[in-house]
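> Just to be clear, the model below is a prediction. Sequence and coordinates:
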Amino acid sequence: MRILVISDTHTDDIDKLSSSLIEEFNRCDAILHAGDVIGYKPIHQIEHINPNVYAVKGNMDPFFDETLMPKKRTIKFDEVKVGLIHGDGAPFGLENRLLYQFEGVDLIVYGHTHKPFWGVLGDVHFLNPGSPTNNRYTDFNSYAILEIEGKNFDAKIMKI
């Protein structure tokens, strides 16, 4: 299973995203958006390309109804349990704070920092795809590709 992971798009239209990212919408089995969409239109546009979109609201998405876009969610792909959340507060120590948001997950996908990260804390993997539009804390824009097969998974940060 190939999953596109994005966060912090901060845009009102997918036409403002890179063509390489838009091409990935068709190539993936599912799309995870870890918040700070800014408007629901981009999610709706992505769903027209790939209906398997799972999104959560970020700190810049306060107007989204929890039924449309919850603050966090847990999704199971094959035998891998994924926690999806945006995160908030100071970027330093965010991963430690997110550990307390989920129980029994294999992977936590998050955003907020705009800084890509793929690593392990304790027994939990963490994936932050960075931002495809706003590289505040890095010198590049990015997204991630998550590959899952059974219980096995790996991710790759993709520079734009």
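Sure thing, it's come through.
> drop to CA atoms for contacts and neighbour counts, all remaining ones
Fine.
> May I have the secondary structure class of residue 74?
strand (DSSP: H, G, I helix; E, B strand; the rest coil).
> Next secondary structure element downstream of the strand or helix carrying residue 81?
Assigned by DSSP states H and E, residue 81 belongs to strand 80-85. Following strand 80-85 in sequence order, the next helix or strand is helix 94-98 (DSSP H and E).
> neighbours around residue 57, how many?
27 (other CA atoms under 10 Å).
> ditto for residue 118
Residue 118: 15 neighbours (other CA under 10 Å).
> Name whatever forms a beta bridge with the residue lying closest to it once chain neighbours are set aside.
Nearest residue to residue 118 in three dimensions, chain neighbours excluded: residue 127, at 4.7 Å (CA to CA, 6 or more residues apart in numbering). On the basis of DSSP bridges, residue 127 takes part in beta bridges with residue 109, residue 118.
> How much space separates residue 127 from residue 63?
Note on residue 127: its distance to residue 63, by CA to CA, to the nearest Å, is 26 Å.
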